[in-house]
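[1] Pasted the sequence and its predicted model underneath.
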Amino acid sequence: MTHTRSTSRSARRLVLQGAVLLALCAVGMFAGLTTHGITSWHEAQRLVVAREMHSAHEWIVPTINGRPYLAKPPLLYWLVSGAAHVTGGPPNLGHLRFVVAGAITVSVFGLWFFARRLFADAGLSRAPQAAIWAAAMLATGILVVRSARVAEIDALFLPVAVFGVGSIALAWRTHRDHRRTAWGWVVVATLAGIAGALAKSLPGLIPLAIAGYGAIATWSAWTDGPLDTSPALPGIRPRPLRAAPACPGVWANRTGLVAGLGAGIALIALNPFKPASLASALVLGVLVGPAAATLVRLAHPARLAAFFAACSRTHPILVLGAPLAALWGWQSLAASRVGEAVAADQVAQELDSNFALLPGANPLKMLEASSYGVGIASVLCVLGVALAAHRHRLARWSWPALDRRLGFLLPLLGSEPAPETCTGPAAASPLRYLVFCWTLGGLLVFSTAGNGHGRYLTPFWPGFALAGGWLLALAVERLPRAGRTLHVMFWALVLVLALGQGLWYGWARERAFGFRSPRALAAELRARPDIDPARICTLGFYRVAIDAYLGCPTQPVGDVGRREALIGIRSWTLAELHAHACHGGTWTVLITDDEDGAATLPGERRLRDAGFIVTPIALDAAFNVGDNHASRVRAVRITAPRTVSAGG
């Protein structure tokens, strides 16, 4: 009877916790889902591409304005088109945002599921509480909620990272505890990797490689526990566990110091005379140092054998190879349809716009994003780093002190500090290494490569949430008198974050910044009988969001600052617009207001100088573009051109 009552209480507690998480996601990410209009170029681009694929019944080649758009694989477009099939009608903004918010909600529940097991395996006495805390932190993370509200494609990385890394961790646990392969978890990790590759190409595999298998490598390099060096290969009998080799002197630490210093110098050399370079070099050096020391320690034959044995039962070749094969298959099919040259050119342009080696401000931008991106968890991680750094501070500038203290970054997120006799975290729970790689690993990767957008850290936000739940549980354990106060304060902050973000995105943002979306402008243009939506062009700027709301493409004129392959349409010169107007009658041209309030708008002057008769069109809707959205978009009608300008 006692067991039955305990089981019933546990079931009720799980249902209550699940309801709380669902409520947090509903308020923060779904309330007023389409109240605010499209303001992000990326969101508009995804919607237009999904709509074109859906209307053409195309499943292989994404298109934008009828031209191939292979910058991203088609998984998001498939999901949006599927949602539209369920509800009927073409894909709209609600379908797009629902898919992205739904993916994040699945991630929240997935993190809750895996965290319960990982925390319990680590021996945390408050494992169920820590798991619900971690999931709640992820559900209310500032940049997490923003990803849902503006339908960032990077949000699809969250379920990929949670289920992929979590499954690798549980497969690794089976290897450590039972010396066998957990094929179920390996298959889940592989499917997650395939989803990541079909969502955003190769970057979709980074969290699995860095957080999942990076944690195994880091544990193999630093653990002082027994090592399993018997790989799961035919004909090899399992050998007894062997003791971990002693710390290899000072060379690993000195290598880390030299590598960190070298990375910082390289960053400064590639970005001279930039104020942020020195601070960025310091951040990069702190991240590179432990990574280099880990590689040196992993080179020890016994530790390398332990890493290989773990990989033989967690199967990185399958988990990472199958997604690569799926990506190659899609790219081959797409290239066979559009041509190898077109496909290669678009891939090269995408790489050029998203990859840069050691950009000067990247480390600081990544550090800034991680300091607030997951809300409460980010704050707890900052406090945890500060406390650990103080506890393991560099006592004096000498080789013995540096050799003894260099490893302070590695045990930051563990429950106990490393022994003084070893620079790494001795006999620590493997969870510590997983959290370490799932947080600082992402910072390291995107500090050395990328263009500095905080959204690139999206698949690493679950690692910060996991660390936050762990740190809060440790604080409650070690401060029993303040435990109840901390518990109440935490849920109060979670409630404030959920309600605040729900109100902002679901109501206040549209009222404060509705002029940043062209929704009202497009609706007014479509409602006017004297305006043909198919004969609208934009002079000197281009916003795909206008196309998304009009339901047809606008024609850019002049330099609009976007590549033709990206927007799927070639920009006309004024002479070409003149020729079309001569033979096709009236066009509506959207122009930008002059910031200094001049009586004659620059766009109107350019059109008149090109020989057009320009008639202003009175519009009530406000839509602003440009720096700080300071330039208002207006409409004019051009008719009966008098002469052809030599310019354009």
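    Sure, I can see it.
[2] From here on, just use CA atoms for contacts and neighbour counts.
    OK.
[3] For the stretch 351-500 of the chain, which segments are assigned as helices?
    Counting by DSSP state H, counting those that start in this stretch, the stretch 351-500 of the chain has helices at residues 362-370, 376-391, 399-405, 430-448, 461-478, 483-503.
[4] So which elements touch the fifth one?
    In this case it means helix 461-478. helix 93-121, helix 127-139, helix 157-178, helix 376-391, helix 430-448, helix 483-503 (3 or more CA pairs under 8 Å, 6 or more residues apart in numbering; DSSP states H and E).
[5] Same question for the longest one.
    With contacts defined as 3+ CA pairs under 8 Å, 6+ apart, helix 483-503 has these neighbours: helix 2-25, helix 461-478.
[6] for that helix, what is the average pLDDT?
    For helix 483-503, mean pLDDT is 94.
[7] Between helix 2-25 and that helix, find me the angle.
    Computed by axes from the mean of the first three to the mean of the last three CA atoms, to 10 degrees, the angle separating helix 483-503 from helix 2-25 equals 40 degrees.
[8] And the second one, by the same measure?
    Note on geometry: by the same axes, to 10 degrees, helix 376-391 and helix 2-25 are set 100 degrees apart in direction.
[9] same question, the fifth one
    Orientation note: helix 461-478 sits at an angle of 130 degrees relative to helix 2-25 (the same axes, to 10 degrees).
[10] So for this structure, the centremost residue is which one?
    residue 458 (2.8 Å; CA atoms, centre = their mean).
[11] Direction included, what does the strand ranked longest in the chain pair up with?
    Across the chain, the longest stretch assigned as strand under DSSP state E is strand 631-639. Its sheet considered, strand 631-639 pairs with strand 587-592 (antiparallel), strand 613-617 (antiparallel), strand 624-625 (antiparallel) by DSSP bridges.
[12] of these, which approaches residue 73 most closely?
    strand 624-625 (29.3 Å; CA to CA).
[13] Show me which residues of stretch 345-357 are buried.
    Neighbour-count burial for stretch 345-357 flags 346-347, 350, 356 (criterion: 16 or more other CA atoms under 10 Å).
[14] For burial, what's the neighbour tally of residue 71?
    Neighbour count of residue 71, defined by other CA atoms under 10 Å: 19.
[15] just to revisit the earlier point, and the helices and strands packed on helix 461-478, which is most packed in?
    Most buried of the helices and strands packed on helix 461-478 by mean neighbour count (mean count of other CA atoms under 10 Å) is helix 127-139; its value is a mean of 27.
[16] which stretch of helix or strand covers the closest residue to residue 278 other than its chain neighbours?
    Excluding its sequence neighbours, the residue lying closest to residue 278 (CA to CA, 6 or more residues apart in numbering) is residue 268, at 6.6 Å. Element membership for residue 268, per DSSP states H and E: helix 251-270.
[17] how about the following helix or strand past that helix: buried residues?
    Later in the chain than helix 251-270, the nearest helix or strand by DSSP H and E is helix 276-298. Neighbour-count burial for helix 276-298 flags 276-298 (criterion: 16+ other CA under 10 Å).
[18] Please name whichever of the strands paired with strand 631-639 is nearest to residue 122.
    With CA to CA as the criterion, residue 122 lies closest to strand 624-625 of the strands paired with strand 631-639, at 51.7 Å.
[19] who's in contact with that closest one?
    Identification of contacts with strand 624-625 by CA atoms under 8 Å, 6 or more residues apart in numbering yields 515-517, 592, 630-633.
[20] Give me the distance between residue 541 and residue 345.
    24 Å (CA to CA, to the nearest Å).
[21] let me fix that: residue 172
    When residue 172 is compared with residue 345 (using CA to CA), they lie 40 Å apart.
[22] Also residue 125?
    55 Å.
[23] Check residue 175 too.
    Using CA to CA, residue 175 is found at 44 Å from residue 345.
[24] OK, contacts around residue 90?
    Residue 90 neighbours (CA under 8 Å, 6+ apart): 51, 54-55, 81, 84.
[25] And the pLDDT for it?
    In this prediction, residue 90 carries a pLDDT score of 92.
[26] Repeat that for residue 365.
    In this prediction residue 365 is given a pLDDT of 87.
[27] what's around it, how many residues?
    Residue 365 - counted by other CA under 10 Å - has 20 other residues nearby.
[28] ok, and the closest non-adjacent residue to it?
    Nearest one to residue 365, counting by CA to CA, 6+ apart, is residue 452 at 5.9 Å.
[29] and the two most separated of the contacts of residue 90?
    When CA to CA is used, the two most widely separated members of the contacts of residue 90 are 55 and 84, lying 10.7 Å apart.
[30] Report the buried residues of the helix or strand hosting residue 76.
    In the assignment (DSSP H and E), residue 76 maps to helix 75-87. Under the neighbour-count criterion of 16+ other CA under 10 Å, helix 75-87 has 75-84 buried.
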